[in-house]
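Visitor: How does the following fold in three dimensions:
(2 chains, ligands or ions: 2)
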Amino acid sequence: MGLFGLFSGKKKTSAAAAKERLQILISHERQNRQGPDFLPDLQRDILDVVKKYVAIREDHVSVRLDRAGDASVLELNVTLPEN
Amino acid sequence: MATVVTVTSGKGGVGKTTSSAAIAAGLAQAGHRTVVIDFDVGLRNLDLIMGVERRVVFDFVNVIAGEATLNQALIQDKRLENLSILAASQTKDKDALTEEGVGQVLDELAELGFEYIVCDSPAGIERGATMALHFADHAVIVTNPEVSSVRDSDRILGILQSKSKRAKEGGKVHEHLLITRYDPVRVENGEMLSKEDVCDILAVKLIGVIPESKAVLKASNTGAPVILDQDSDAGLAYSDSVARFLGEDRPMRFVTPRKQGLLSRILGGGD
Ligand SMILES: Nc1ncnc2c1ncn2[C@@H]1O[C@H](COP(=O)(O)OP(=O)(O)O)[C@@H](O)[C@H]1O
Ligand SMILES: [Mg+2]
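Guide: Residues are numbered from 1 along each chain as shown, chains lettered A, B, ... in the order given. Ligands and ions are numbered 1, 2, ... in the order given. Sure thing, here's the model as predicted:
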């Protein structure tokens, strides 16, 4: 690394920001496409219901289906913002 | 049995057609009878990149519609005797590509003795693209080190893994990641995702890294696949990629910045 690198090396690079954003987004999108086709719709309906009472964003609701043996477990996570 | 190699990406303008032409020419150079098909119905361009635009009489859609035989529509490359081109239609719309029709043409190409059928997929996830994905044995995922391209590639992987013929039959499409328009200087400066970053995110085996190169435009200007330009970095990088596809083990080239002069080294960059 050259002389200027000493100074620019400290800050987080834009490539690192890109990687971080992609990793979050893609793991989210992969979860959504596994499991049955109705999951995205279910997630949206739940979001709409909760929104009537609390202000939450799309990424505050996660819906996933885990298979355990011959049973499936629907896991529902709603993160409520503080206050 | 012919092997179907689909070159895909989701996003447009990332280098699918450039790569399809190069890979098909590379497979032919390696002695394999190869045909490259343009699936971009309505927006054909492979004919130009291959330099056969004035020789297209019948196209892929004509064959599906029974308006021409496959032998009438296939264009024999003048440089490589093992290589043929099947152009896309310029006028018809995408719905002309039916699953039945495409499947029939692929079977017929196999019967004619082609070993590799390279499919140049259009951008997007509509008919032409899904047809090319559907029949894939191998998929070359062309990705630029850039956020939207990486995301779209991941969506394409999702489709391959759930909707392709192989997936539906309980098998798997062989996936290969081809990173194109790579700029090692910008990667070193932290301005561009590195090849390791892209591999980490997509979790697909890397088959090659093609540098951003002036040779690509030059090749398209003259209608010759860039792999034929063996004096160029991109041409050599494509040759390496094809060799890896065929099972050879080759080190990656052109992935670190070229050695710089003393002055620029003092001022930054290089190593
Ligand atoms: N490695 C590269 N270096 C420089 N330019 C490139 C490279 N690969 C592709 N291009 C250019 O990018 C543009 C889009 O390429 P193309 O192969 O037509 O992409 P796609 O088929 O994915 O839309 C073209 O102008 C092409 O010349
Ligand atoms: Mg194209």
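Visitor: and the closest residue to ligand 2 within the stretch 1-150 of chain B, what is it in contact with?
Guide: Using C-beta to the ion, the single residue of the stretch 1-150 of chain B nearest to ligand 2 is B:Thr17, 3.4 Å away. In short, each C-beta sits where N, CA and C put it, glycine included. Contacts for B:Thr17 (C-beta atoms under 8 Å, 6 or more residues apart in numbering or on different chains) come out as B:38, B:40, B:45-46, B:49, B:120.
Visitor: In strands, which of those fall?
Guide: If you go by DSSP state E, the contacts of B:Thr17 have B:38, B:120 in strands.
Visitor: Would you mind putting the contacts of B:Thr17 into CSV with neighbour count and distance to B:Val140 alongside?
Guide: Written out in CSV, the entries for the contacts of B:Thr17 read as follows (neighbours: other C-beta atoms under 10 Å in any protein chain shown; distance: C-beta to C-beta, whole Å):
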residue, neighbour count, distance to B:Val140
B:Asp38, 29, 15
B:Asp40, 25, 16
B:Asn45, 19, 17
B:Leu46, 25, 15
B:Ile49, 24, 16
B:Asp120, 30, 10
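Visitor: ok, which pair from the contacts of B:Thr17 is furthest apart?
Guide: B:Asp40 and B:Ile49 (11.3 Å; C-beta to C-beta).
Visitor: in chain A, which spans are helices?
Guide: Remark: helices assigned in chain A by DSSP state H are A:3-8, A:14-33, A:39-51.
Visitor: I'd like these laid out as JSON lines, including distance to B:Ser162.
Guide: As requested, the helices of chain A are exported to JSON lines (distance: least, C-beta to C-beta, whole Å):
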{"stretch": "helix A:3-8", "distance to B:Ser162": "43"}
{"stretch": "helix A:14-33", "distance to B:Ser162": "7"}
{"stretch": "helix A:39-51", "distance to B:Ser162": "13"}
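Visitor: Those: which one's closest to chain B?
Guide: helix A:3-8 (3.4 Å; C-beta to the nearest C-beta).
Visitor: who touches stretch A:55-63?
Guide: A:28, A:31, A:39, A:42-43, A:46-47, A:50, A:74-81.
Visitor: Please indicate which of these are buried?
Guide: For the contacts of stretch A:55-63, a burial check counting by 16 or more other C-beta atoms under 10 Å in any protein chain shown picks out A:39, A:42-43, A:47.
Visitor: mind putting the residues you listed in TSV, distance to B:Lys165 and pLDDT included?
Guide: Listed next are the buried ones among the contacts of stretch A:55-63 as TSV, based on distance: C-beta to C-beta, whole Å; pLDDT from 0 to 100:
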residue	distance to B:Lys165	pLDDT
A:Leu39	25	79
A:Leu42	29	85
A:Gln43	30	84
A:Leu47	35	89
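Visitor: where does chain A dip in pLDDT?
Guide: Applying pLDDT under 70 to chain A flags the ranges A:1-10, A:83.
Visitor: For the closest residue to chain B within chain A, give its distance to A:Leu25.
Guide: In chain A, no residue comes nearer to chain B than A:Thr13, which is 2.7 Å away by C-beta to the nearest C-beta. For A:Thr13, the distance to A:Leu25 (C-beta to C-beta, to the nearest Å) stands at 18 Å.
Visitor: Ok, B:Ile64 next?
Guide: Taking C-beta to C-beta, one finds B:Ile64 at 38 Å from A:Leu25.
Visitor: now the strands: where do they sit in chain B?
Guide: Under DSSP E, chain B gives strands at B:3-8, B:34-38, B:75-76, B:83-86, B:116-120, B:138-143, B:174-182, B:206-211.
Visitor: Dump these into a markdown table; add distance to B:Leu27 and mean pLDDT as well.
Guide: A markdown table is the format used below for the strands of chain B (distance: least, C-beta to C-beta, whole Å; pLDDT from 0 to 100):
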| stretch | distance to B:Leu27 | mean pLDDT |
| --- | --- | --- |
| strand B:3-8 | 8 | 98 |
| strand B:34-38 | 4 | 98 |
| strand B:75-76 | 15 | 98 |
| strand B:83-86 | 8 | 98 |
| strand B:116-120 | 5 | 98 |
| strand B:138-143 | 11 | 98 |
| strand B:174-182 | 13 | 98 |
| strand B:206-211 | 13 | 98 |
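Visitor: B:Gly223: which of these is closest?
Guide: So among the strands of chain B, strand B:83-86 is nearest, using C-beta to C-beta, at 11.3 Å.
Visitor: Give the burial count for the residue lying closest to B:Gly15 once chain neighbours are set aside, as a bare number.
Guide: Distances taken as C-beta to C-beta, 6 or more residues apart in numbering or on different chains put B:Thr180 closest to B:Gly15, at 3.9 Å, once the chain neighbours are dropped. Here the number of neighbours of B:Thr180 (other C-beta atoms under 10 Å in any protein chain shown) works out to 27.
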